[in-house]
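Student: mind looking at a prediction? Sequence and model below.
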Amino acid sequence: MNKTAFFDSLTEQKPDPLLELIAKFAADPRPGKVDLGVGVYRDETGRTPVMKAVKTAEHYLWETQESKSYIGPEGDPLFLRTLAHEVFGGRHCGRLLAGIQTPGGTGALRLAAELLALDKRRKIWIGTPTWVNHQAIFAAVGLQAGTYRFFDIGKQAVLIDDMLTALQNAAPGDAVLLQTSCHNPTGAALSQQNWRDIADIAAARGLLPLFDNAYQGLGHGRAEDAAGMMMVIEAVGEAMVAVSCSKSFSLYRERTGAVYLVGDRQASLNKAIGNLAGYARASYSMPPAHGAAIVAAILQDASRRQAWMDELNDMRIRITEIRRAAGEAFGRFRSELAHIGAQEGMFSLLPISPENVRKLRAEHGIYMPDSGRINVAGMRVEDVASVTECIGPYLA
Ligand SMILES: Cc1ncc(COP(=O)(O)O)c(C=O)c1O
C-alpha cells in the first residue's frame, strides 16, 4: 500500500497566544489573579452574563419559532432590516443599503475581503497597531495590505498626520480599514475634525472605506459611536460596513453579524450582495440563525429593545467608570497614561515590554498579552488602585 503522509507534511501552527493566556489564567491557583487579557466584556462579578433582553427574546423564539428549515445564504431579512436601522439610523444619510448576514464580525470582514480582493491591483490600508486578526483575514484572500502608524503608545495619541498622509498617497480604488469606535487595541477615539479630514480625503481620492463596527454603543452611545462613520459614508461613493453583534448584544458564541454595502444604485448593491452570497454558499452555505433571530426579536419589539438599550448603557457606564479610575491611577506613574481615562471601549495599550508582561504574570498573577493590551472591564472599580500599583513599576 502507498500510504500518504500529507498531514504530517504540514507546517506546525503556533497556538493562538490569547487562547494560551486564557488557559494559563485558568490553571493559576492564586485567588487574587486578575485577567486583563480576555477580549470580552466582564461585569462587576467577573462574569460575561447573557443579557436579560437576550433571555426574553430566546423565550419568545422558543414559543413562536415554527421551523428551523434553511433560510438562504443572505440570512434573515428581518434581522438585516432591524439591525440596519439600529446601526445607521432611520435615513442612512440618504444613501442606499444592502446587507448579508454573516457568522460574526469576523465572517463579515472575511466576506468583505473576498469582494475587495477581486481587484488584484487594490490594496487595503490598515493603521497599526490593530486587532490581531485583521492582517490574517486580508492575507487569507490574497488582498495586499499597506500599513501606516496609527498610534503612539508612549504618548497615548493618534498619529493623525501619518494616517492622513497614508490615505492621501493611497491609489484611487484602494480600500481603507476604519474601526467605527472603541478602537481595538488602543481605545483611541478620532475627533470630529479627524473624521471630517478622513471623509474629505476618502472622497477626493476615490477610496473605498471598510468599517469594522464591532463595539457600537460601548463608547459614548449608539448614535455617537457611529457619527464619524456616518460622516465618511455621506461623503464617499461606496462603503462597506462589517457589523458584529458579539459585544453589543453579548452574543459572542452565537456568531452573529452582517456586512452592509452603501451606494447610490440599488442594482449595483444587489449585484455585489449576489457575489457575497456566492462566497457564503461556497464556504459555510448559510449563516447560523439563532443569534440573528434573537437580535431581530429584540429590535422589532419596543420594550425588548428598551431593555437591551438599558443593559448596553449600563455596560458602557461601567466601562467609563473603570476607565476614569484607571486613567487617574496610571497617570500617577506616567502623565500620558491619564489619556486612558478619556479613551473609549474596553481596550487600552500599555507601554510595557513582553519581558515585564511575563514578570507581572509570574509575580502578581496579572494577565495580559505580550502586546500590553488591557481590557479595562477585567477589573472591578475597587480593584483599579491595587492592580495599577502592581503594574506601575513595570511600565516602560
Ligand atoms: C475590532 C474587532 N473586529 C471584529 C471582531 C470580531 O468579532 P466576532 O466575534 O463577531 O467575529 C473583534 C472581536 O474581538 C474585534 O475586536
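Tutor: Yes, it's here.
Student: quick one: contacts for the closest residue to Pro103 other than its chain neighbours?
Tutor: If the residues on either side of it in the chain are set aside, Pro103 comes closest to Arg255, at 4.1 Å by C-beta to C-beta, 6 or more residues apart in numbering. Placement of C-beta: from N, CA and C, glycine included. Going by C-beta atoms under 8 Å, 6 or more residues apart in numbering, Arg255 touches 103-104, 107, 246, 287-288, 291.
Student: got a winner among the residues you listed for most neighbours?
Tutor: Pro287 (27 neighbours; other C-beta atoms under 10 Å).
Student: gap between Gly99 and Val243?
Tutor: Distance, Gly99 to Val243, using C-beta to C-beta, to the nearest Å: 8 Å.
Student: quick one: Trp195 and Asp310, what's the gap?
Tutor: The gap separating Trp195 from Asp310 is 28 Å, by C-beta to C-beta.
Student: does Arg95 touch Val262 like I think?
Tutor: Yes - using C-beta atoms under 8 Å, Arg95 makes contact with Val262 at a distance of 4.9 Å.
Student: of those two, who's got more company?
Tutor: Taking neighbours as other C-beta under 10 Å, Arg95 and Val262 compare with Val262 leading, 25 against 19.
Student: for the stretch 101-250 of the chain, just list every one of the helices.
Tutor: 104-116, 133-140, 160-169, 192-205, 222-235 (DSSP state H, counting those that start in this stretch).
Student: and those as TSV, adding mean pLDDT and distance to Phe25?
Tutor: Output for the helices of the stretch 101-250 of the chain, formatted as TSV (pLDDT from 0 to 100; distance: least, C-beta to C-beta, whole Å):
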stretch	mean pLDDT	distance to Phe25
helix 104-116	98	23
helix 133-140	97	20
helix 160-169	98	34
helix 192-205	98	36
helix 222-235	96	30
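Student: of those helices, which is nearest His85?
Tutor: helix 222-235 (10.9 Å; C-beta to C-beta).
Student: around the ligand, which positions in the stretch 151-300 of the chain sit nearby?
Tutor: Proximity of the stretch 151-300 of the chain to the ligand (C-beta under 6 Å from any ligand atom) is limited to residues 179, 184, 212, 214, 244, 246, 252, 257.
Student: one more time with 5 Å, if that's ok
Tutor: Within the stretch 151-300 of the chain, the positions near the ligand by C-beta under 5 Å from any ligand atom are 184, 212, 214, 244, 246.
Student: give the contact list for the third one.
Tutor: Taking C-beta under 8 Å, 6+ apart, we find Ala214 in contact with 105, 179-180, 182, 184, 242-244, 246-247.
Student: so which of those residues sit within strands?
Tutor: Judged by DSSP state E, the contacts of Ala214 include 179, 242-244 as members of strands.
Student: with pLDDT and neighbour count as extra columns, can I get the residues you listed in JSON lines?
Tutor: As requested, the ones in strands among the contacts of Ala214 are exported to JSON lines (pLDDT from 0 to 100; neighbours: other C-beta atoms under 10 Å):
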{"residue": "Gln179", "pLDDT": "98", "neighbour count": "23"}
{"residue": "Ala242", "pLDDT": "98", "neighbour count": "27"}
{"residue": "Val243", "pLDDT": "98", "neighbour count": "29"}
{"residue": "Ser244", "pLDDT": "98", "neighbour count": "25"}
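Student: and the two most separated of these?
Tutor: Largest pairwise distance in these, by C-beta to C-beta, is 12.3 Å, between Gln179 and Val243.
Student: what do those two both touch?
Tutor: Counting by C-beta under 8 Å, 6+ apart, the contacts common to Gln179 and Val243 are 213-214.
Student: Leu97 in helix, strand or coil?
Tutor: Following DSSP: H, G, I helix; E, B strand; the rest coil, Leu97 is assigned to strand.
Student: what is it paired to in the beta sheet?
Tutor: Judged by DSSP bridges, the bridge partners of Leu97 are Val262.
Student: identify the residues contacting it.
Tutor: Per C-beta under 8 Å, 6+ apart, neighbours of Leu97: 84, 88, 260-262, 269.
Student: from the residues you listed, pick the one nearest the ligand.
Tutor: Closest to the ligand out of those is Tyr260 (14.7 Å), distances taken as C-beta to the nearest ligand atom.
Student: quick one: Asn184 and Phe347 touch, right?
Tutor: Yes - if you go by C-beta under 8 Å, Asn184 and Phe347 touch, sitting 5.2 Å apart.
Student: got the domain boundaries for the chain?
Tutor: 16-49+310-394, 70-300 (automatic domain parsing).
Student: list the contacts of the residue nearest to Val176 when sequence neighbours are not counted.
Tutor: Nearest residue to Val176, sequence neighbours excluded (C-beta to C-beta, 6+ apart): Trp125, at 4.6 Å. Taking C-beta under 8 Å, 6+ apart, we find Trp125 in contact with 145-148, 166-167, 170, 174-177, 207.
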